[in-house]
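In: A predicted structure for the sequence below; I have some questions about it.
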Amino acid sequence: MIEVKEVTKTYGDVIPVQDANLQVEEGEFVSIVGPSGSGKTTLLNLIAGLLTPTHGEVIVDGVALHSMSQRDRVAFRRKNFGFVFQAFNLIPYLTGIENVEIPLYLAGIKAKQQRSLARELLEKVGLDDKGNRFPGQLSTGEQQRVAIARALANHPRILFADEPTGNLDRRNGKEVMHYIKELNEKGVTILLVTHDSEMADFARRQIKLVDGRLQR
Amino acid sequence: MRTIDFVTKESLRRGRKSIAGVLFILLGIGIFVASQTINKALHDRTKEQLLRFGANIIVQPKGEPFDLYSGTVKGEILLPESYVDKIRTIEHQGMLVAVSPKLYERFEIDGKALLVVGVTPEEKKAKPWWMIDNEVLTIEFPQGKEILLGHYAAARLGEDRSQIVLGGETFRVSGVLDETGSPDDFMAFIPLSAMQGLVRKTGMVHLIEVSTSCISCKTMNIYGVAQEMDEVLPPDAQVSTVEQIAKAQMGTLRKVTGLTTAIYLMVLILCGFLLMNYMSSAVDERRREIGMLLAIGMEPRKIQLIFVLKVMAFAVIGGLLGYVMGTGFSVLLGPLVAEAKVSPIISLLPISFVIAIGLGIACSIIPTRRISRLDPVEALREV
Ligand SMILES: Nc1ncnc2c1ncn2[C@@H]1O[C@H](COP(=O)(O)OP(=O)(O)OP(=O)(O)O)[C@@H](O)[C@H]1O
Ligand SMILES: [Mg+2]
């Protein structure tokens, strides 16, 4: 489903990712681990089509992501990818439920329907009673659960999660990982970046990056 | 969520900041509307002046400028009242309808300024349109110790006054004139002799207004009459037609209008810069949000639309409030600063919207263009 073919990314002299080859099948749960600065985030962003490789290509469902036009790539992300960020990135002036509605809005669903779908999504992460709170009125764990609900809203086939537990304590981190694992069990392909081995253990397959190179 | 929700919810949650954005537009539009409204009032007044001015020839001391706005001279040099008789000796005296000498003085009444004019019954001939309750003046024309009040002068002093004290002498209010649309509305009138006694200028006047009739216009025009008057009067008197004075004053007015136009254009440009800066920092502050939205697949154009809608909302509110405040300001303060009655100009409302929206869009083009070039990875990496 995802094919990373000899991908290299350079920034001048810095080479965060070098000659990466990787294949991920539909429904896999892959964690990318490695020390800080080893290129994990860069690799994830390359696969998600947020960065353009200097060499090589990323193929998703047989289509080379970077041969698409910018517009098509944006639409592709919107339809197929979900994102969970380390810093949650909830919109502070919108309530939890409104944040969850954003991908539904982007998919062109009517406002009324968005609301009921978003409520169901919040239920899934155990936050059905806190949807009307603003992110600032939620705990960090709750914020990340809202972010997960948002990532699920467009029924992504691939979920990209860069250190989703990085800003959470152990208990909340594990709770978030349980939701992600549950998703995987429902068939969503997961790419998780973490430098926490305990979190990485949730994955069925681990990939190690050292100085921009994949270790087998 | 709808696109507009990104605008309304953000603006409401960040209320204080939104008010600042609206304020920039309000300021620009307010000053634009105020200057336009006051300019128009001054223009209208000058035009009306030409129609309403009783006299068409003014005799005044040489070197004293006559002010058509207030219908007065400003200076201290006076003319002898006896010049009135000299004027009556011109060859075409049949054309003289009224020869009305005047002496002005400003008085303070309970802290309010009142311009009082000493007049002779000739003034009534010069102003046949003076009315009280829609009736032509009869006994109300001031005699002895009586005072006749202009419409707004009376309103300013308080309608129900039956007497007014000027320089220690009490004058009985003989009547209140209906609105004339001329500076007379802001003045009060007492007999000339009473005024001369009050200010101790016996036998002296500030100016003489001469109204001519046009029965023999074919053989003799107003310039000819002015010419004849010039010949019979000593050289310290200057004879000019109102038309000449009006022309000179229209010229000054044009300069004033030009100046205010320059000022509000500068204010508008300044507001534009402030707004541009405001939008620019709004985009900067929301880089993370924009980066996230781009990452999850929102079109850059749609994000730009959010910012453009926001500026449009500000423009509509700022334009409306600017119009209301600019108009209110000029209507309330116009009579005080310009001694003119200022009325709102409705047609400025759509113009205000157009300018406000145009300004808003023009000033958000550059800041929002950056959105499409924003790199989501960069934006999300910033903490
Ligand atoms: N835009 C860039 N310009 C220059 N260097 C960059 C850029 N982005 C990343 N790098 C460099 O590439 C290397 C890998 O960065 P990356 O963020 O992928 O590491 P990481 O494994 O995610 O680290 P961490 O665990 O700390 O998040 C780092 O040395 C980083 O400084
Ligand atoms: Mg990283």
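Out: Alright, I've got the coordinates. Ligands and ions are numbered 1, 2, ... in the order given.

In: which residues does whichever residue of the stretch 251-383 of chain B sits closest to chain A contact?
Out: At 2.5 Å from chain A, B:Gly297 is the closest residue in the stretch 251-383 of chain B, using C-beta to the nearest C-beta. C-beta coordinates here come from the backbone N, C-alpha and C atoms, glycine included. Neighbouring residues of B:Gly297 by C-beta atoms under 8 Å, 6 or more residues apart in numbering or on different chains: A:Val74, A:Ala75, A:Phe76, A:Arg77, A:Arg78, A:Lys79, A:Phe81, A:Pro103, A:Leu106.

In: and if we set it to 10 Å?
Out: When contacts are counted by C-beta atoms under 10 Å, 6 or more residues apart in numbering or on different chains, B:Gly297 is found next to A:49, A:73-81, A:83, A:102-103, A:106-107, A:154.

In: try B:Ala315
Out: B:21-22, B:25, B:29, B:275, B:322, B:352-361, B:363-364.

In: quick one, which of these are buried?
Out: Buried members of the contacts of B:Ala315, counted by 16 or more other C-beta atoms under 10 Å in any protein chain shown: B:21-22, B:25, B:29, B:275, B:322, B:352-353, B:355-357, B:359-360, B:363-364.

In: out of the residues you listed, who's nearest A:Ala64?
Out: B:Ser364 (36.2 Å; C-beta to C-beta).

In: if I look at the closest one, how far off is B:Ile57?
Out: The spacing between B:Ser364 and B:Ile57, counted by C-beta to C-beta, to the nearest Å, is 58 Å.

In: run a quick neighbour tally on the nearest residue to A:Asn172 once chain neighbours are set aside.
Out: Closest residue to A:Asn172 apart from its sequence neighbours, by C-beta to C-beta, 6 or more residues apart in numbering or on different chains: A:Gly141 at 3.2 Å. A:Gly141 is flanked by 18 other residues according to other C-beta atoms under 10 Å in any protein chain shown.

In: so how far is A:Asp72 from A:Gly141?
Out: 36 Å.

In: just A:Ala118 next, same as before
Out: 27 Å.

In: please apply the same query to A:Lys181.
Out: Distance, A:Lys181 to A:Asp72, using C-beta to C-beta: 32 Å.

In: between the two, tell me which one has more neighbours.
Out: Higher neighbour count among A:Lys181 and A:Asp72: A:Lys181, with 15 against 12, using other C-beta under 10 Å.

In: I'd like to know which helix or strand in chain B has the lowest mean pLDDT.
Out: For chain B, using mean pLDDT, DSSP states H and E, the weakest element among its helices and strands is strand B:72-73, scoring a mean of 62.

In: quick one, strands of chain A?
Out: For chain A, the strands defined by DSSP state E cover A:2-11, A:14-24, A:29-33, A:55-60, A:63-64, A:81-84, A:158-162, A:189-193, A:205-210, A:213-215.

In: poorly predicted segments of chain A, please.
Out: A:216 (pLDDT under 70).

In: what do you get for the stretch 51-200 of chain B?
Out: B:51-55, B:65-75, B:159.

In: give the burial count for B:Lys278, as a bare number.
Out: Residue B:278: Tyr, not Lys. Other residues within reach of B:Tyr278 by the criterion other C-beta under 10 Å amount to 19.

In: that one reaches B:Pro367, doesn't it?
Out: Yes. Under the criterion of C-beta atoms under 10 Å, B:Tyr278 makes contact with B:Pro367 at 8.6 Å.

In: list residues touching both of those two?
Out: Joint contacts of B:Tyr278 and B:Pro367 (C-beta under 10 Å, 6+ apart) are B:Val311.

In: so what's B:Arg156 up against?
Out: B:Ile109, B:Lys112, B:Ala113, B:Leu114, B:Leu149, B:Gly150, B:Phe186, B:Pro335, B:Leu336.

In: so what's the backbone phi/psi at it?
Out: phi -70, psi -40 (degrees, to the nearest 10).

In: can you tell me how far it is from B:Ile303?
Out: For B:Arg156 relative to B:Ile303 (C-beta to C-beta), the value is 57 Å.

In: what do you get for A:Leu117?
Out: Distance, A:Leu117 to B:Ile303, by C-beta to C-beta: 23 Å.

In: which one's more surrounded, those two?
Out: Per other C-beta under 10 Å, whichever of A:Leu117 and B:Ile303 has more neighbours is B:Ile303, with 22 against 17.

In: ok, then the element right after the strand or helix carrying the more buried one?
Out: Assigned by DSSP states H and E, B:Ile303 belongs to helix B:300-338. Sequence-wise, the next helix or strand downstream of helix B:300-338 (DSSP H and E) is helix B:348-373.

In: in the next helix or strand after that next one, what's buried?
Out: For helix B:348-373, the succeeding helix or strand toward the C-terminus, using DSSP H and E, is helix B:376-381. Going by neighbour count (16+ other C-beta under 10 Å), the buried part of helix B:376-381 is B:Pro376, B:Val377, B:Ala379, B:Leu380.

In: can you tell me the SS state at the closest residue to the third one other than its chain neighbours?
Out: Spatial nearest neighbour of B:Ala379, chain neighbours left out: B:Gly291 (2.8 Å); criterion: C-beta to C-beta, 6+ apart. Using DSSP: H, G, I helix; E, B strand; the rest coil, the structure places B:Gly291 in helix.

In: show me what the most centrally placed residue in chain A is bridged to.
Out: With distances taken as C-alpha atoms, centre = their mean, the residue of chain A nearest its centroid is A:Phe160 (2.0 Å). Going by DSSP bridges, A:Phe160 is paired in beta bridges with A:Phe83, A:Leu191.

In: that one: what's it in contact with?
Out: Per C-beta under 10 Å, 6+ apart, neighbours of A:Phe160: A:44-45, A:47-50, A:77, A:81-85, A:151, A:189-193, B:295.

In: any of those buried? List them.
Out: A:44-45, A:47-50, A:77, A:81-85, A:151, A:189-193, B:295.

In: circling back: what helix or strand is the residue of the stretch 251-383 of chain B closest to chain A on?
Out: Assigned by DSSP H and E, B:Gly297 belongs to no helix or strand.

In: give me the pLDDT value at it.
Out: In this model, B:Gly297 is scored at 93, pLDDT.

In: what about the residue nearest to A:Ile47 when sequence neighbours are not counted, how many neighbours?
Out: Excluding the flanking residues, the one nearest A:Ile47 by C-beta to C-beta, 6+ apart is A:Val58, at 5.5 Å. Other residues within reach of A:Val58, judged by other C-beta under 10 Å, total 23.

In: ok, the residue of chain A at minimum distance from chain B - contacts?
Out: For chain A, the residue closest to chain B is A:Arg78, as judged by C-beta to the nearest C-beta, at 2.5 Å. Shown in contact with A:Arg78 (C-beta under 10 Å, 6+ apart): A:Pro103, A:Leu106, A:Ala107, A:Asn154, A:Pro156, B:Ala295, B:Ile296, B:Gly297, B:Met298, B:Glu299.

In: mind checking what secondary structure B:Gly175 has?
Out: B:Gly175 is classified as strand under three-state DSSP.

In: please name the nearest non-neighbouring residue to it.
Out: Using C-beta to C-beta, 6+ apart, the nearest residue to B:Gly175 is B:Glu140, at 3.4 Å.

In: ok, the one you found - how many residues close by?
Out: Considering only other C-beta under 10 Å, B:Glu140 is surrounded by 20 other residues.

In: and chain B, which of its residues are near chain A?
Out: B:1-3, B:5-6, B:8-14, B:286, B:288-289, B:291-302, B:372, B:375-383 (C-beta under 10 Å from any C-beta of the partner chain).

In: buried among those residues? Need that as a selection in ChimeraX.
Out: Under the burial definition 16+ other C-beta under 10 Å, those of the residues of chain B next to chain A that qualify are selected in ChimeraX by:
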select /B:1,5,6,9,10,11,14,286,288,289,291,292,293,294,295,296,297,298,299,300,376,377,379,380
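
In: element containing the closest residue to B:Leu348 other than its chain neighbours, please.
Out: Distances taken as C-beta to C-beta, 6+ apart place B:Val33 nearest to B:Leu348, at 5.3 Å, with adjacent residues excluded. Here B:Val33 sits within helix B:15-52, counting by DSSP H and E.

In: alright, that wraps it up for me.
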